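Trainee: need a structure here:
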Amino acid sequence: MSASELTAAELAEIERKYDPETAFRATGRYLGWGVSAALVVMSVYHFYASGFALIPELTHRGIHISFVLGLVFVLFGWRNTPTTDVAPAVWWRIQGVPYLDLLWAVLAVGAAMYLPLLPPEVVAQRVGNPNQTDIFMGTALLLLTLEAARRSVGPTLPIIAIVFILFALFGPWAPGALKHGGTSWLGLINHLYMTNQGIYGIAIGVMAKYVFLFILFGVLATRIGLGQLFIDLAMVIAGRYAGGPAKVAIFSSAFMGTISGSSIANTVTTGALTIPAMKKVGYSGRFAAAVEATSSTGGQITPPILGAAAFIMVEYLEIPLRDILAAALFPALLHYFGIFIMVHLEAKRLGLRGLTADEMPKLGLVLKQHWLSVIPLVILVYMILTGRTPDYAAVYGIIACVVVGLLNPVNRMTLYDLWDALAAGAKNTLAVGAAAATVGVVVGVVTLTGVGFRLGYVVVQTASDMGAVIGQIWPFSFASVAQWSLFLSLLLIAVACIIMGAGIPTTATYIILVAVAAPALAQQGIEPIVAHFFVFYYGVLADITPPVALAAYAAAGIAGSNPFETGNTAFRLGIAKALVPFVFVYSPSLLLVAEGFTWAAFGVTLVGAMIGIAGLGVAFSGYLLAPVKVWERWYIGLVSLLFVAPGLTTMALAAVLLAPMVWVQVRRARAGATLA
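Mentor: As a prediction, this is how the structure comes out:
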């Protein structure tokens with residue numbers, strides 16, 4: 001079936017297939033009403049708690065976990081497969097849900113709320129000396145959290161958590177530098193359940209305080225027409241130029257990334273329009289799907305949400321959100337610039353047209369119909385930039401969405417629409433919430449055993465040993481052992497981050513990587529904000545890196561292309577995202593707020609990175625002003641890396657080396673030569 005024939009239901013099925021976070025099972029009518037009511041109550045509670053109430057931290061986190069786990073066991077089946085029909089009635093199932101799952105839901109709610117309902121002084125007395133009830137409730141919550149994560153996000157994250165648990169219990173038998181004294185089950189549960197270093201830790205705290213509100217804001221903003229405004233504006237801006245639909249995909253995905261925290265949802269939302277349009281003007285299905293997947297994944301690094309990782313950075317780095325967003329701005333722009341260059345060159349190489357005037361919306365009509373929908377986003381960004389806390393900004397952004405939705409005469413939202421949006425917003429947080437609680441287990445083991453610093457030592461020592469060997473070989477001996485050690489450390493950590501990020505939500509990936517990979521960067525003397533962005537970028541890259549490139553596979557499902565080939569093409573298109581982290585490690589000025597920032601260093605780094613990324617685009621596409629021979633592509637690609645390396649000396653050398661290729665291209669273009 002072609003992409004143009006896909007219905008809304010079929011697009012939703014594709015999203016459910018490739019995104020385990022949306023693999024909900026169908027329930028009976030009466031249970032469905034109850035679940036819908038619980039989801040709305042969950043949204044209203046978080047809105048009230050963040051905007052108008054002063055609820056103790058442990059209580060707030062406990063309520064959030066109880067909502068998440070209780071609803072996960074109702075809405076996600078044992079096999080993590082979506083269903084559209086209610087399962088047949090049998091003695092062990094009611095309204096499509098097994099009695100056992102309902103029992104797990106009740107037990108999860110009880111275990112999550114047991115500790116918060118105890119008097120604070122009692123909890124303080126039992127930390128370090130939990131009684132049998134504490135151990136039972138802690139064990140139940142730990143096991144149910146792992147199972148909830150398996151159902152909602154897949155097996156990868158729970159397996160990682162189990163490996164860390166085993167590492168904590170069997171530390172005396174661990175190899176080499178990873179060896180430690182170990183702990184008992186009582187000690188493990190005490191740390192993971194009775195303290196704020198485990199399940200009730202920073203991961204679930206940020207979910208309950210910030211992320212939930214921003215996901216809800218994104219759902220409401222889309223419902224009032226902001227998503228459609230983004231797509232229409234992208235078509236007006238870029239649609240008329242060569243290969244226009246592909247450029248529309250870039251702009252619309254960048255816009256959608258400002259309100260969406262999911263690369264797969266972004267892919268399906270914008271790809272339903274852009275992928276058929278790209279195929280219509282002449283792009284292959286593989287290339288069209290790759291463009292959409294890579295552009296949509298860029299939403300994870302686009303301010304103001306950053307796939308919810310921005311709020312974790314606020315907590316870890318203890319700096320204002322506006323500084324995080326400022327640091328994220330230009331790396332995100334470089335990512336989209338890299339995609340744009342390759343898309344443009346591919347269009348020129350194939351001689352593709354843009355959209356005609358009849359195929360594009362009219363700017364005046366677009367603004368007339370949807371201009372009100374941008375007000376909530378303006379309010380949100382304004383409050384963040386003026387120093388308001390993220391939760392405060394999100395609360396007023398949500399209020400603005402509701403007001404605009406109820407009053408907008410063109411795209412008015414009914415009370416039923418509001419109910420449905422509140423339920424959908426809460427529903428979209430369940431998988432991320434279960435993942436955050438599971439990540440708390442991993443982080444808890446890291447703080448209990450100190451494995452993060454141990455792994456950092458292993459990485460740095462391995463890189464130093466490799467650097468010492470390489471440094472003895474000419475011409476690599478021109479770099480010192482310390483320089484090779486840093487570069488190889490970055491390379492090893494980048495590969496580990498991509499592997500770790502395979503099939504795990506962005507927020508969960510980032511938190512794990514900060515705990516286990518960032519210490520290695522810290523031991524190399526890298527500034528904290530730079531280290532955090534480095535591991536974050538490579539964790540996100542997993543969404544378009546085969547063999548687990550979920551965003552690319554979802555796009556391939558729309559385009560009808562080979563998923564693995566689409567993933568390979570998407571990785572090639574996203575090469576800027578793979579290079580930029582190395583750029584800001586060696587020149588932190590690209591992040592704007594890093595220590596030692598100067599406008600001169602920023603300018604040199606940005607210009608060099610743009611030229612280098614453009615050169616790599618030429619190398620990958622095989623076209624500049626005219627076709628490029630194979631050996632020329634290799635030459636241009638290698639020289640382009642010198643531009644990416646920050647510094648006037650390397651840029652000058654690269655310019656001299658690249659000049660002959662530009663001259664050849666000019667002559668070849670004038671002669672109208674081809675390489676056919």
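Trainee: and Leu144, how many neighbours?
Mentor: By other C-beta atoms under 10 Å, the residues close to Leu144 number 24. Any C-beta I mention is one placed from the backbone N, CA and C, and that applies to glycine too.
Trainee: My read is that it contacts Trp104, right?
Mentor: Yes: contact status for Leu144 versus Trp104: in contact at 6.1 Å, counting by C-beta atoms under 8 Å.
Trainee: what do those two both touch?
Mentor: Phe73 (C-beta atoms under 8 Å, 6 or more residues apart in numbering).
Trainee: Report the contact partners of Ile398.
Mentor: Contacts of Ile398 (C-beta under 8 Å, 6+ apart): Phe47, Leu213, Leu216, Phe217, Leu220, Pro376.
Trainee: how about 10 Å then?
Mentor: 43, 46-47, 50-51, 213-214, 216-217, 219-221, 376, 379-380, 422, 425 (C-beta atoms under 10 Å, 6 or more residues apart in numbering).
Trainee: out of the residues you listed, which are buried?
Mentor: Those of these that meet the buried threshold are 43, 46-47, 50, 213-214, 216-217, 219-221, 376, 379-380, 422, 425, by 16 or more other C-beta atoms under 10 Å.
Trainee: ok, those vs Ile301, which is closest?
Mentor: Phe214 (15.2 Å; C-beta to C-beta).
Trainee: how near is that closest one to Tyr382?
Mentor: Distance from Phe214 to Tyr382, counting by C-beta to C-beta, to the nearest Å: 16 Å.
Trainee: in this protein, which helix has the most residues?
Mentor: helix 321-350 (DSSP state H).
Trainee: in that one, what's buried?
Mentor: Applying 16+ other C-beta under 10 Å to helix 321-350 flags 321-325, 327-328, 330-350 as buried.
Trainee: Contacts only, for the residue nearest to Asn428 when sequence neighbours are not counted.
Mentor: Leaving aside its chain neighbours, Asn428 sits nearest to Ile215 (5.3 Å; criterion: C-beta to C-beta, 6 or more residues apart in numbering). By C-beta under 10 Å, 6+ apart, the contact list for Ile215 reads 43, 46, 207, 259-262, 305, 308, 394, 424-429, 432-433.
Trainee: Among those, which lie within helices?
Mentor: Ser43, His46, Ala394, Ala424, Gly425, Ala426, Lys427, Val432, Gly433.
Trainee: now for those, which pair is the farthest apart?
Mentor: Ala394 and Lys427 (17.8 Å).
Trainee: Tell me which of these two has more neighbours.
Mentor: Under the neighbour definition other C-beta under 10 Å, Ala394 and Lys427 were set side by side, and Ala394 has more, 31 against 21.
Trainee: Looking at the buried ones among the contacts of Ile398, which one is closest to Pro627?
Mentor: Nearest member of these to Pro627, counting by C-beta to C-beta, is Ala221, at 44.1 Å.
Trainee: and that closest one, what does it touch?
Mentor: 227, 229-230, 258-260, 373-377, 380, 397-398, 400-401, 404-405, 421.
Trainee: tell me how far the longest helix of the chain is from the chain's mean position?
Mentor: Distance of helix 321-350 from its chain centroid, counting by C-alpha atoms, centre = their mean, to the nearest Å, is 16 Å.
Trainee: One more: stretch 185-202?
Mentor: For stretch 185-202, the distance to the chain centre is 27 Å (C-alpha atoms, centre = their mean).
Trainee: just so I have it, where are all the helices in the stretch 451-600 of the chain?
Mentor: 451-470, 481-500, 506-516, 518-523, 528-540, 550-559, 563-573, 575-586, 599-621 (DSSP state H, counting those that start in this stretch).
Trainee: show me where pLDDT drops low in this protein?
Mentor: 1-22, 80-85, 260-262, 307, 474-479, 501-503, 543, 545-549, 673-676 (pLDDT under 70).
Trainee: Quick one: the strands in it, in order.
Mentor: Under the criterion DSSP state E, strands of the chain are mapped to 93-94, 97-98.
Trainee: Of those, which stretch is the most buried?
Mentor: Of all the strands of the chain, strand 97-98 carries the top mean neighbour count, a mean of 19, counting by mean count of other C-beta atoms under 10 Å.
Trainee: how far out from the middle of the chain is it?
Mentor: On C-alpha atoms, centre = their mean, the centre of strand 97-98 falls 32 Å from the chain's centre.
Trainee: Residues in contact with that strand: which ones?
Mentor: 25-28, 31, 35, 73-75, 77-78, 86-87, 90, 92, 104-105.
Trainee: Which neighbours in the sheet does that strand have, and how are they oriented?
Mentor: strand 93-94 (antiparallel) (DSSP bridges).
Trainee: So what touches the strand it pairs with?
Mentor: Thr27, Gly28, Tyr30, Leu31, Val86, Ala87, Tyr99, Leu100, Asp101, Leu102.
Trainee: Now the two most distant members of these.
Mentor: Largest pairwise distance in these, by C-beta to C-beta, is 19.3 Å, between Tyr30 and Leu100.
Trainee: Distance check, Ser373 against Ala272.
Mentor: In this structure, Ser373 lies at 19 Å from Ala272, with C-beta to C-beta as the measure.
Trainee: Tell me the spacing between Ser36 and Thr27.
Mentor: 10 Å.
Trainee: So between those two, which is more surrounded?
Mentor: A count of neighbours by other C-beta under 10 Å puts Thr27 above the other of Ser36 and Thr27, at 21 against 18.
Trainee: which one is the more buried one nearest to, not counting chain neighbours?
Mentor: Gly96 (4.7 Å).
Trainee: ok, how many other residues are close to the one you found?
Mentor: Gly96: 20 neighbours (other C-beta under 10 Å).
Trainee: cool, Gln461 as well?
Mentor: Counted with other C-beta under 10 Å, Gln461 comes out at 16.
Trainee: wait, what's in contact with the spatially closest residue to it that is not a sequence neighbour?
Mentor: Among residues not flanking Gln461 along the chain, Ala177 sits closest, at 7.9 Å (C-beta to C-beta, 6+ apart). Going by C-beta under 10 Å, 6+ apart, Ala177 touches Val451, Phe453, Arg454, Leu455, Gly456, Tyr457, Val458, Gln461.
Trainee: what about burial for these, which qualify?
Mentor: Applying 16+ other C-beta under 10 Å to the contacts of Ala177 flags Val451, Phe453, Arg454, Leu455, Gly456, Tyr457, Val458, Gln461 as buried.
Trainee: can you pull the contacts of the second one?
Mentor: By C-beta under 10 Å, 6+ apart, the residues touching Phe453 are Ala177, Val446, Val516, Pro519, Ala520, Ala522, Gln523.
Trainee: Could you list which of the contacts of strand 93-94 belong to helices?
Mentor: Going by DSSP H, the helices hold Tyr30, Leu31, Tyr99, Leu100, Asp101, Leu102 from these.
Trainee: Tell me the most packed of those residues, by neighbour count.
Mentor: Going by other C-beta under 10 Å, Asp101 tops these with 20 neighbours.
Trainee: For Gly456, see how far away the nearest residue to Ile511 once chain neighbours are set aside is.
Mentor: Leaving out its chain neighbours, the residue that sits closest to Ile511 by C-beta to C-beta, 6+ apart is Val439, at 4.7 Å. Distance of Val439 to Gly456, given as C-beta to C-beta: 19 Å.
Trainee: next one: Glu57
Mentor: According to C-beta to C-beta, Glu57 and Gly456 sit 29 Å apart.
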